[in-house]
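Trainee: what's the 3D shape of this:
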Amino acid sequence: MTSTAFPARLRYAVDASGLSIRGLAKASGKSTGAVWAWLAGQYLPAADTIETLAAALNVSPSWLAFGHECETNNNSVLIRLTPKKI
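Mentor: Predicted coordinates:
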């Protein structure tokens, strides 16, 4: 899987996992409409939701969010959504 688009990575992970869209929605605590919207690229899930999705799909949060693995000390990923003010 080489696509850098979140919807394509999500679709790939869903297909590989064998989960249905309804199953992923239930596992993530979100609606099926939200999952379909992510798959359509209408919007992106929040960072904490990406972690939940990744766990349900058995992929790393960094791969799901960014398309590559990130090294961490505690297997968690910090996603900064706004630039830090200096």
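Trainee: what kind of secondary structure is the residue most central in space within the chain in?
Mentor: For the chain, the residue nearest the mean C-alpha position is I50 (3.7 Å; C-alpha atoms, centre = their mean). Put simply, I50 is helix when judged by DSSP: H, G, I helix; E, B strand; the rest coil.
Trainee: next, the buried residues of stretch 27-47.
Mentor: Neighbour-count burial for stretch 27-47, counted by 16 or more other C-beta atoms under 10 Å, picks out A27, S28, K30, A34, V35, A37, W38, L39, P45. Where you see a C-beta, it was placed from the backbone N, CA and C, and this is true even at glycine.
Trainee: about what we covered before: the residue nearest to the centre of the chain contacts F66, doesn't it?
Mentor: No: at 9.7 Å, I50 does not count as touching F66 under the criterion of C-beta atoms under 8 Å.
Trainee: before we move on, back to that, of all the buried residues of stretch 27-47, which comes closest to A8?
Mentor: A8 has its nearest neighbour among those in L39, at 9.2 Å by C-beta to C-beta.
Trainee: what helix or strand does that closest one sit in?
Mentor: Take DSSP states H and E as the rule and L39 turns out to sit in helix 32-40.
Trainee: other residues contacting that helix?
Mentor: 6-7, 10-11, 14, 21-22, 24-25, 28, 43-45 (C-beta atoms under 8 Å, 6 or more residues apart in numbering).
Trainee: distance to L57 and pLDDT added to the buried residues of stretch 27-47, as a markdown table?
Mentor: Formatted as a markdown table, those follow (distance: C-beta to C-beta, whole Å; pLDDT from 0 to 100):
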| residue | distance to L57 | pLDDT |
| --- | --- | --- |
| A27 | 8 | 93 |
| S28 | 9 | 92 |
| K30 | 13 | 95 |
| A34 | 15 | 96 |
| V35 | 11 | 97 |
| A37 | 17 | 95 |
| W38 | 12 | 95 |
| L39 | 13 | 95 |
| P45 | 12 | 94 |
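Trainee: state the pair within these that is farthest apart.
Mentor: The largest separation in these, counting by C-beta to C-beta, is between A27 and A37 at 16.6 Å.
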